[in-house]
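sequence first, then the predicted structure:
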Amino acid sequence: MKRPVVQQSVKVALGQAALPVGVLTFNKDGTRESSTFAYHDPCFRPPGKTTTPTRR
């Protein structure tokens, strides 16, 4: 009998201001387990930049 795949995600925030940092995802497929972390896009912008640069 095959066991179901389990996937759970939680949003990760930092500090009292609850600044979004990213999403942590846990996967379980039978005996295999793994986790991934995806950073929230604004975490990679330099200070003072509020928009994503456009490509030309």
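That came through fine. Please read all numbers here as calculations on a predicted model, not as lab measurements. Numbering: from 1, shown residues only.

which residue packs closest to S9, ignoring adjacent ones?
T25 (4.5 Å; C-beta to C-beta, 6 or more residues apart in numbering). For glycine as for every other residue, the C-beta is placed from the backbone atoms N, C-alpha and C.

residues in contact with that neighbour?
Q7, Q8, S9, S35, T36, F37, A38 (C-beta atoms under 8 Å, 6 or more residues apart in numbering).

the strand or helix carrying it: what's the following helix or strand?
If you go by DSSP states H and E, T25 is part of strand 19-29. Counting by DSSP H and E, the next helix or strand C-terminal to strand 19-29 is strand 32-39.

what packs against that following strand?
In terms of contact count using 3 or more C-beta pairs under 8 Å, 6 or more residues apart in numbering; DSSP states H and E, strand 32-39 is assigned the packing partners strand 19-29.

give the buried residues for the strand it packs on.
V21, G22 (16 or more other C-beta atoms under 10 Å).

pull the CA atoms of that strand into CSV?
C-alpha atoms of strand 19-29 as CSV (Å, rounded to 0.1, in the frame of the first residue of the first chain):
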residue,chain,number,x,y,z
LEU,A,19,8.2,41.4,8.0
PRO,A,20,7.7,38.6,5.5
VAL,A,21,10.9,36.6,4.9
GLY,A,22,9.7,33.7,2.9
VAL,A,23,7.9,30.3,2.8
LEU,A,24,9.1,27.1,4.4
THR,A,25,7.7,23.9,2.8
PHE,A,26,8.0,20.4,4.2
ASN,A,27,7.5,17.3,2.0
LYS,A,28,7.1,13.7,3.1
ASP,A,29,6.8,10.9,0.5
